[in-house]
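[1] Sequence and computational prediction follow.
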Amino acid sequence: MLPENSRKTEPGAKRFLTCDMVRAAPFALPENSRKTEPGAKRFLTSDIVRAAPFAHLRWLGFLFTFAIGLFAQNSSDWTTPFPPYHVVGNIYYVGSKGLASYLITTPEGHILINSSLETSVPLIRASIEKLGFRFQDVKILLISHGHWDHCAGSSLVKELTGAKYMVMDQDVPVIESGGKSDFNYGNSPASLYKPVKVDRVLHDGDQVKLGDVALTAHWTPGHTKGCTAISSWERTEATTAWKRNLPE
């Protein structure tokens, strides 16, 4: 159990959503822990706590992208369906029991984070539609990093939705080689996937905008050369200025 004060979010707080160190199923946190205040900063990464939407816990601000891939390949949890649900604000969980994918909705279409396995795409699509959204409205595809369990489905997502694929600079060669240029798994046939052309190369600090959402891509190398964390700002109700409050 986490301390009670770690579950609370203040206006302007930084929010993290991470998903790679722990491959357990998403935690069902108490309803009051999911509430957020106007002006909070949301942080979306996909490298630390797989399938654990701690978007509103400030202490996760310190857990950037230090994931180590010390887990068995082809885990059965990766392809086990998990009920999709609302995480916070315009963020929804649409992944499996063991592989996290998140949908960020906007009036102009949606952003999908992580395509997971190629066999994950029908599951992700079903989850999005179960929430009442259209899979075809996914306009932008982002990934946490260029490992097959996070991006092997990207080619199919692009084919089905026409989404623009945006990847951090250092992982672009890995994505476009289908994993062959990965420094760790490049020689492992089980880790390879269909090569995909990247539509936009991201650099540290670049913004990704869609509708009323503006995300910022942060280069957090380690797990892969181009490991990526993504943050978003919200405007407060009381002012038009952007607020920032780093984790305590």
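    Arrived safely.

[2] after the lengthiest helix in the chain, next one along is what?
    Secondary structure of the chain per DSSP state H: the longest helix is helix 121-130. Using DSSP states H and E, the helix or strand that follows helix 121-130 in sequence is strand 138-142.

[3] Tell me which residues are up against that next one.
    The contact list for strand 138-142 (CB atoms under 8 Å, 6 or more residues apart in numbering) reads 103, 108-115, 128, 154, 157-158, 161, 163-167, 208, 210, 215, 217, 228, 230. From N, CA and C alone the C-beta is placed, and that goes for glycine too.

[4] For it, which strands pair with it and how are they oriented?
    Sheet pairing for strand 138-142, assigned by DSSP bridges, gives strand 109-113 (parallel), strand 164-168 (parallel).

[5] possible to save the ones you listed as a markdown table with mean neighbour count and mean pLDDT?
    Listed next are the strands paired with strand 138-142 as a markdown table, based on neighbours: other CB atoms under 10 Å; pLDDT from 0 to 100:
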| stretch | mean neighbour count | mean pLDDT |
| --- | --- | --- |
| strand 109-113 | 24 | 98 |
| strand 164-168 | 23 | 98 |
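
[6] Need those in JSON lines (columns: distance to Trp78).
    Formatted as JSON lines, the strands paired with strand 138-142 follow (distance: least, CB to CB, whole Å):
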{"stretch": "strand 109-113", "distance to Trp78": "16"}
{"stretch": "strand 164-168", "distance to Trp78": "21"}
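
[7] Nearest to Val201, out of the ones you listed?
    Nearest of those to Val201, taken as CB to CB: strand 164-168 at 6.8 Å.

[8] quick revisit: report the angle between the longest helix of the chain and strand 109-113.
    Between helix 121-130 and strand 109-113, the angle comes out at 140 degrees (axes from the mean of the first three to the mean of the last three CA atoms, to 10 degrees).

[9] mean confidence for helix 121-130?
    The average pLDDT for helix 121-130 rounds to 98.
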